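*Asks:* any chance you could fold what I've pasted below:
(2 chains)
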Amino acid sequence: MVATDSKVVKLGRYNVQQGQSSVSGLSSGAFMTVQLHLAHSASFVGAGIIAGGPFRCAESFPGAAPVAEDAYIQNSLYICLNPLVPHTAPNAEHLAQLARQTAAAGEIDPVEHLGDDKVYIFTGSKDEVVFSDTVARTKRFYELLGIKAEHIDYDDTVPAGHSIITQNPEDSPLGTNQPPYINQGDFVQSHRILEHIHGKLKPAVERPTGRLVRFDQREFLDFLADDDKKARRDSMSDFGYAYIPKAVEDGEPARVHIALHGCKQGYNYVEYTNGRRDTQSSPPYGNRYVTTTGYNELADANNFIILYPQAEGTDNGYTQNPEGCWDWWGYSSANAQRPDYYSRSAIQIRAIHDMLKRLGG
Amino acid sequence: MSFYDAISAAIPQALQPAGAQRLNGLTQLYAQSASRQWQNGLNTVAVLPAYANPETLFEAWALQQAVWQRLQKQGEQWWNGLATIYAERDELRRANTVSKFFEQEYNLYAQFGELVGDQFTSLLELADNIQVDYGYWIAQKQAAAVQQSKVPASADGVASTRRKQANAA
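*Replies:* Okay, here's the model as predicted:
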């Protein structure tokens, strides 16, 4: 476990190898991982998706409701997260076609950049939040976009609930589906992701010698219009975190991996009880995703910078995201009829990619 | 601007107190639900000939089974929740103060209220889930019928690479 001091620093620039970055995430972080991967495929060599669905999944069935905003949410809940049967899970063919159209319109990088990428896709067989039928379609979606079968590690064999898996004894039992969605298994999932994407790596260190820095995320949201700032459309926290190995601080070449938490996992997440922010009994999840999921220990041994952007709960009448999820259904967009949550211009994608560029990736 | 937005915009703000707006929102959602059911009904009639297909019949049956399983699971959660509350009541010891006594009693009522609320919300969610999924399924059948596609629908056949490796080994 790595400690951080009380300083807020400006995110720095390092000797980062461009085009060698990768991204991973759990749940809403996994949906955002797919979006980031496609929007900026030229920047990434791979992605790790734990319990996530395909690109623009929320637009599977526009006919669900006459109001577009309602249709997106209902698609998210009942087709992307919780399809009743495999035949009502998202249609990978349709969404792959939509991805190609989005690329042709210049809203995301050309999908040809995905060709050599490596993708890790995981669904726990006891996941009751994002059903396995959906995650299976994510695999199909990537295949249809040209990723080679041998470059996809698809694992649906572990009896895990909705979670990122660690070996920490204080984490929840493997089969549970409960916050903080960090469960104990017999492997460290973050290591499996990084090794699949980047190949054989040196073993994780027991005592990392690098620094976990707290940086100001708001400077990456300066592009927002005043109205959007007021409405908190970004739904991002004031601070993000980055783990910087000592060798990287000393100038060694580095790669960047972006690790995206899921809903209810940001450092300042507060539960809403009966519709109110329950600040009196906030669960003590804090920055467990940042400090205990195993990314930093492997990063330290292999000169990875791990970037941990942070989303926060917002439920103010304009932006409905009480659980602090990353946006994969359009809450961050002012235009409810045609929400942009998936392109290079989407608020969160732009902010996170600007962080990556700042680091040198 | 949607139909509902147009209606809302036509009503002066002063005539839209918070309560009325909430009621308006609920009315819209009910209208959506009724409209979905109506549309699903129409679409079902439209694709009835396709039901002659054994594959479609199987999918319809699987959909029904899935709904039944969800209801069964919800029933289990109800009985488990009740059992937990009863067990907790039996374990309550005497209170040392009047306030503690009322706190203990209130906790049980609050837990029961939460259980009822959860059950009701889950039931409404399931109703929405059925409508959306059924509509989506029918819409895909219609689209397939229109295209007269010879290509089989997207396969489920997504096999775990790890399972494949294990089998190969």
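
*Asks:* neighbours around A:D250, how many?
*Replies:* Summarising burial for A:D250: neighbours were counted as other Cβ atoms under 10 Å in any protein chain shown, giving 9. Glycine gets a C-beta too; all of them are placed from N, C-alpha and C.

*Asks:* quick one: it from A:R358, how far?
*Replies:* Distance, A:D250 to A:R358, using Cβ to Cβ, to the nearest Å: 19 Å.

*Asks:* and the stretch 251-361 of chain A, which residues reach chain B?
*Replies:* A:Q337 (Cβ under 8 Å from any Cβ of the partner chain).

*Asks:* and the strands in the stretch 251-361 of chain A?
*Replies:* A:255-260, A:272-273, A:276-277, A:304-308, A:314-315, A:320-321 (DSSP state E, counting those that start in this stretch).

*Asks:* paired strands for the third one, with orientation please.
*Replies:* By that I understand strand A:276-277. Strand A:276-277 pairs in its sheet with strand A:272-273 (antiparallel), by DSSP bridges.

*Asks:* likewise the longest one?
*Replies:* On the basis of DSSP bridges, the sheet neighbours of strand A:255-260 come out as strand A:21-26 (parallel), strand A:304-308 (parallel).

*Asks:* give me the contacts around the longest one.
*Replies:* The reference is to strand A:21-26. Outside strand A:21-26, the residues that touch it by Cβ atoms under 8 Å, 6 or more residues apart in numbering or on different chains are A:30-33, A:36-37, A:43-52, A:120, A:163-164, A:181, A:190, A:193-194, A:197-198, A:255-262, A:265, A:326, A:356, A:361.

*Asks:* next, count neighbours for A:Y341.
*Replies:* A:Y341 has 22 neighbours, counted by other Cβ under 10 Å.

*Asks:* the lengthiest helix in chain B - contacts with which helices or strands?
*Replies:* Assignment by DSSP state H gives helix B:98-147 as the longest helix of chain B. The helices and strands touching helix B:98-147, judged by 3 or more Cβ pairs under 8 Å, 6 or more residues apart in numbering or on different chains; DSSP states H and E, are helix A:68-75, helix B:18-47, helix B:54-91.

*Asks:* 7 Å instead, please
*Replies:* For helix B:98-147, the packing partners by 3 or more Cβ pairs under 7 Å, 6 or more residues apart in numbering or on different chains; DSSP states H and E come out as helix B:18-47, helix B:54-91.

*Asks:* what average pLDDT does it get?
*Replies:* Helix B:98-147 shows a mean pLDDT of 90.

*Asks:* would you check that A:G360 makes contact with A:G12?
*Replies:* No. Using Cβ atoms under 7 Å, A:G360 is not in contact with A:G12, being 8.9 Å away.

*Asks:* sorry, back to before: got TSV for the strands of the stretch 251-361 of chain A, with mean pLDDT and mean neighbour count too?
*Replies:* Shown next, in TSV, are the strands of the stretch 251-361 of chain A (pLDDT from 0 to 100; neighbours: other Cβ atoms under 10 Å in any protein chain shown):
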stretch	mean pLDDT	mean neighbour count
strand A:255-260	98	28
strand A:272-273	78	12
strand A:276-277	78	12
strand A:304-308	98	26
strand A:314-315	84	20
strand A:320-321	88	18
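
*Asks:* from A:L84, how far out is the nearest residue to A:T176 once chain neighbours are set aside?
*Replies:* Distances taken as Cβ to Cβ, 6 or more residues apart in numbering or on different chains place A:G161 nearest to A:T176, at 4.6 Å, with adjacent residues excluded. Per Cβ to Cβ, A:G161 is found 20 Å from A:L84.

*Asks:* tell me which of these two has more neighbours.
*Replies:* Counted by other Cβ under 10 Å, A:G161 and A:L84 do not tie: A:L84 has more neighbours, with 27 against 21.

*Asks:* A:I197 - that's part of a helix, no?
*Replies:* Yes. Under DSSP: H, G, I helix; E, B strand; the rest coil, A:I197 sits within a helix.

*Asks:* sec struct for the nearest residue to it once chain neighbours are set aside, please.
*Replies:* Excluding the flanking residues, the one nearest A:I197 by Cβ to Cβ, 6+ apart is A:G46, at 3.4 Å. At A:G46 the chain is in strand, as set by three-state DSSP.

*Asks:* so what's A:G46 bridging to?
*Replies:* Bridge pairing for A:G46 (DSSP bridges) gives the partners A:S22, A:K118.

*Asks:* next, count neighbours for it.
*Replies:* Neighbours of A:G46 using other Cβ under 10 Å come to 24.

*Asks:* list of residues touching stretch A:51-60?
*Replies:* A:25-27, A:30-31, A:33-35, A:38, A:72, A:75-76, A:79-80, A:90-92, A:95, A:98-99, A:122-123, A:127, A:129-130, A:134-135, A:137-138, A:141, A:162, A:328-330, A:342, B:136 (Cβ atoms under 7 Å, 6 or more residues apart in numbering or on different chains).

*Asks:* list only buried entries from the residues you listed.
*Replies:* Using 16 or more other Cβ atoms under 10 Å in any protein chain shown as the burial test, the contacts of stretch A:51-60 include A:25-27, A:30-31, A:33-35, A:38, A:72, A:75-76, A:79-80, A:90-92, A:95, A:98-99, A:122-123, A:127, A:129-130, A:134-135, A:137-138, A:141, A:162, A:328-330, A:342, B:136 as buried.

*Asks:* A:A64: which of the strands paired with strand A:255-260 is closest?
*Replies:* Proximity to A:A64 (Cβ to Cβ) singles out strand A:21-26 among the strands paired with strand A:255-260, at 25.6 Å.

*Asks:* starting at the chain centroid, how far to the closest one?
*Replies:* Strand A:21-26 sits 6 Å away from the centroid of its parent chain (Cα atoms, centre = their mean, to the nearest Å).

*Asks:* now swap in stretch A:195-209 and tell me
*Replies:* 20 Å.

*Asks:* what does stretch A:308-322 give?
*Replies:* With Cα atoms, centre = their mean as the basis, the mean position of stretch A:308-322 lies at 15 Å from the chain mean.

*Asks:* could I have the CA atoms of that stretch written out in CSV?
*Replies:* Taking Å, rounded to 0.1, in the frame of the first residue of the first chain, the C-alpha atoms of stretch A:308-322 are listed here in CSV:
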residue,chain,number,x,y,z
TYR,A,308,-6.3,7.4,-11.6
PRO,A,309,-8.8,10.0,-12.8
GLN,A,310,-11.7,10.4,-10.3
ALA,A,311,-15.4,10.8,-10.9
GLU,A,312,-17.8,12.0,-8.2
GLY,A,313,-21.5,11.8,-7.5
THR,A,314,-23.6,14.7,-8.8
ASP,A,315,-27.4,14.8,-8.6
ASN,A,316,-28.4,18.5,-9.0
GLY,A,317,-31.3,18.5,-11.4
TYR,A,318,-29.0,19.1,-14.4
THR,A,319,-26.6,16.2,-14.0
GLN,A,320,-28.0,12.9,-12.7
ASN,A,321,-25.1,10.7,-11.6
PRO,A,322,-25.6,10.1,-7.8
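
*Asks:* low-scoring stretches of the stretch 251-361 of chain A, by residue?
*Replies:* Where the stretch 251-361 of chain A drops to pLDDT under 70, the residues are A:283-284.

*Asks:* just the helices in it please.
*Replies:* Secondary structure of the stretch 251-361 of chain A (DSSP state H, counting those that start in this stretch): helices at A:288-292, A:295-302, A:347-359.

*Asks:* B:G135 contacts B:L63, correct?
*Replies:* No. Taking contacts as Cβ under 7 Å, B:G135 lies outside contact range of B:L63: 11.6 Å.

*Asks:* higher neighbour count, the two?
*Replies:* Using other Cβ under 10 Å as the criterion, B:G135 and B:L63 rank with B:G135 on top: 23 against 18.
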